[in-house]
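> here's a sequence, model it:
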Amino acid sequence: MTTASPTTSPTASGHVTIVFTSDWGVSTGVGQAGRTHSTIERCGNDPVVRGTVITGVLREQAMLAAKALDGPKEGTWTNFALWLFGQDPNSEPGSTPHPRHVLFTDATPASSIPVHDTVSLSIDPTTGTARDQFLRFTERAAAGVLTGTFTLIDEAGAETSDQATIEAAHFLLGVAGLMVRGIGSGRSGGDGECTVLVTNHEVEARAGQSTSKIVAFASSCAQELRTSLKKLARSLKPEVVNALPAPQRSTQHQVGTVDGSAARHSGGHHLILDLTLNSPIVSYEVPFSNEIRSLDFLRGTVLLPWLHRLVSSKKHGEDEAVITNAVTGGHLVVSDALPVISDAQGLPVPLVLKTDKTSPSDSTITLFGDSTENDGKIPVRGGYVFFDPKGGDSKEPGTKTQGWYGKPPLRGRQTTAINHETGAASKGQLVLVEALPEKMCMRAHVWVSDELWEAASVSSLLGKTREARLGSRKLTGTFGSATCTLHEETAAEREARIHFGNAGSTQLTSTASTSADGTAPGEGTTTSSDERTISLWFISDVIARSAGLGAGGTADDLIRAFKREGIIVEAVGTPSIRHRRVDSWSPADNGPRASRLAIQAGSVIQVRVSEEDRAKSKKDRDTSKKDRDKLLELAPFGVGELTAQGYGRFVVDHPLLSIQSIEVTKAKLEHFVCEETPEGGEDQ
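Next comes the predicted model:
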């Protein structure tokens, strides 16, 4: 085994090498019926140490090392450790949480490590003695070397560039790693004995070494690391240590106040945010029992903090108020990130569409409009439709469709639940975590006001590829990594966006209003022949408060929401509305917020402009056109509450609402996966 020579100065990323010198295993808490009572964590066929486990053991030792460096009183090193790892797990309930600034990946074997079963006696929990004639079989991995990485990040999620912070982090993490004596289950019986090396350089280990050689290798590497840490400690000057970052106590923004000027939606810059998932991402939904469910899209609530931190990194003195209060002042607005297939962005399927009870084909599906001829069909209640007027997937023999229909398949991973009182695994309790699949393509739309565009130099952020940590469990090392690229909306993209929300685009309407066999739509479609009746298709969830300021969600609540925007409309017919419960977590209060009831994306409602337009005079027709223009202007920004976070988006008189039928391809995982990863320069 050999080690690479360390570089002269540490970088924002480094390597974590775990050298196990005894049998080991990170238990999953579950077994295999008739074979093993306890299995270990695996990545494929190889044993693995999850990034969460590495974070936990290093956090514990880093806090001990920081307190020893500070002495009797809590000082700079303790605050730096809290800044590095986030909230102290031993802190009092209700204390202010802090973001974490170090990320660890899973540690995987440098070479194949065999796994075997060990036999022991089962312990009676009542008496504390061995059970009579009751054996316990446990999976164990042999001694070996595992490698992983760590990354130091700033508030925006990019790699930090402050050299003093990088050197201090390498020193503290290196010391904490050498203090670790064991990892995994069975440590009281001698299992999991290891040496953890946190280095700036990669430690290379050769395969096929005996246990004695592995022990000698660990000892020599640890001694080499101690020497380099001593040199690094001498280079850390007192004035540099005193200036290390510490957790910032959050100050809550006073409700109802906005510092700086409020933005207007006229003008500004429309940007497109393309995402490629590098790892599964958990888009938080309401948990169900022991299942952490995931939405099949990314809420703007997830994207908005990352975007705000990104533009906040370009602060200027006199414009700091505009940048700091970009969200509360309406200068930064983002939509939900929806799936993309072949550069066609998916939209939540309108709830007025129907399909056959049994599909005659495994590759295509026919979506039917809301016509009296389609009474025998069942309504569509989920998924996305990817409409392409030029034609969709024609790879299947004899098919030529007009797009795709489906939703991305979610990935699931089962883990052991943690007892929050003891910090250890809960006996017999498992958690299933669902997540969006890796390599999936998604797209969101961003609006930036002219004031924020100039103040934050947003143009310098365009066209660069950068990594973002998104969603729940984003700091575990297993979930949450995405490659993001921002670019300004082109003229063609802008024209397509406007046409999709404008019934006056006759060319697009005529293309979409024909079925797969070229026939025209029949009578009884969703869009009324009355030119003053408008169909609104909501492409994101809508939070519309009730008249009593409580949980809303009715058609009347929507009408009142439009009225608050200065648009007077009245509902026509029976709306197609479904609801969704929305739960979220408050970092300021360190607790759950009150549940909200939202109108689910895909809901459709028909409205007619104000009653004065019932007359056929030219003046009233002009008023009707003016209200339609107001709806078109409001559609990209949303109606109701929390529109800056992606809620309330809709389109006006979309062609899909007036179809007789349309044939689409059933979307599979291969359709959602990006063919090529976007390239660009990292923004450091």
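
> middle-most residue in this protein, spatially?
G471 (2.8 Å; CA atoms, centre = their mean).

> now the nearest residue in space to L295 that is not next to it in sequence: how far from L303?
Spatial nearest neighbour of L295, chain neighbours left out: S283 (4.2 Å); criterion: CB to CB, 6 or more residues apart in numbering. (C-beta placed from N, C-alpha, C; glycine too.) According to CB to CB, to the nearest Å, S283 stands 11 Å off from L303.

> which one of these two is surrounded by more residues?
L303 (26 against 22; other CB atoms under 10 Å).

> residues in contact with that one?
L303 makes contacts with L273, V334, A337, A444, L470, G646, as judged by CB atoms under 8 Å, 6 or more residues apart in numbering.

> so which of these sit within strands?
Among those, the members found in strands (DSSP state E) are L273, V334, A444.

> check the secondary structure at I166 for me.
helix (DSSP: H, G, I helix; E, B strand; the rest coil).

> if I look at the residue nearest to A142 when sequence neighbours are not counted, how far off is D46?
Of all residues not flanking A142 in the chain, P114 sits nearest, at 5.1 Å (CB to CB, 6+ apart). Distance, P114 to D46, using CB to CB: 10 Å.

> higher neighbour count, these two?
Of the pair P114 and D46, D46 is the one with more neighbours under other CB under 10 Å, namely 17 against 10.

> buried stuff in stretch 444-462?
Buried residues in stretch 444-462, defined by neighbour count with 16 or more other CB atoms under 10 Å: 444-449, 451-453, 455-456, 458, 461.

> okay, and which of those residues map to helices?
The helices, defined by DSSP state H, take in E451, L452, W453, A455 from these.

> for S228, see how far away the last one is.
In this case it means A455. Distance from A455 to S228, by CB to CB: 43 Å.

> again with the first one
With the distance defined as CB to CB, E451 ends up 49 Å from S228.

> contacts only, for the residue nearest to L295.
Taking CB under 8 Å, 6+ apart, one finds S294, L295, D296, F297, L298, R299, V302, A435, L436, G471, S472 in contact with S283.

> any chance of the residues you listed in TSV with pLDDT and distance to K630 as columns?
Formatted as TSV, the contacts of S283 follow (pLDDT from 0 to 100; distance: CB to CB, whole Å):
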residue	pLDDT	distance to K630
S294	92	36
L295	93	30
D296	93	32
F297	94	27
L298	95	29
R299	94	26
V302	91	30
A435	93	40
L436	94	35
G471	88	35
S472	85	37
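
> let's see which of those end up in strands.
A435.

> so G177 makes contact with G14?
No. With contacts counted by CB atoms under 8 Å, G177 stays clear of G14, the gap being 10.5 Å.

> ok, those two, which is more surrounded?
Shown here are G177 and G14; by other CB under 10 Å, G177 has more neighbours (26 against 23).

> contacts for the helix or strand in which the more buried one is found?
Per DSSP states H and E: G177 is located in helix 163-179. The contact list for helix 163-179, computed with CB under 8 Å, 6+ apart, reads 9-12, 14, 16, 58, 61-62, 64-66, 77, 80-81, 84, 102, 150, 152, 160, 195-200, 222, 225-226, 228-229, 232-233, 235-236, 240-241, 243-245.

> quick one: average pLDDT of that helix?
In this model, helix 163-179 has an average pLDDT of 92.

> what's the following helix or strand after the helix-or-strand element of the chain with minimal mean pLDDT?
Ranking every helix and strand in the chain by mean pLDDT, DSSP states H and E puts helix 506-512 at the bottom, with a mean of 33. Using DSSP H and E, the helix or strand that follows helix 506-512 in sequence is strand 533-538.

> what pairs with that following strand, parallel or antiparallel?
Partner strands and pairing direction for strand 533-538 (DSSP bridges) are strand 604-609 (antiparallel), strand 650-652 (antiparallel).

> can you give the distance from the first one to the centre of its chain?
For strand 604-609, the distance between its averaged C-alpha position and the chain's averaged C-alpha position is 33 Å (CA atoms, centre = their mean, to the nearest Å).

> residues making contact with it?
With CB under 8 Å, 6+ apart as the test, strand 604-609 has contacts from 350-352, 526, 528, 530, 532-538, 555, 558-559, 562, 568-573, 575-577, 623-624, 627-628, 657.

> what about the helices in the protein?
51-70, 76-85, 163-179, 211-235, 238-242, 300-312, 320-324, 450-455, 491-500, 506-512, 555-564, 618-634, 669-672.

> looking at those helices, which has the lowest confidence?
helix 506-512 (a mean of 33).

> and L430, how far from V26?
For L430 relative to V26 (CB to CB), the value is 15 Å.

> which one of the two has more residues nearby?
Taking neighbours as other CB under 10 Å, L430 and V26 compare with V26 leading, 20 against 15.
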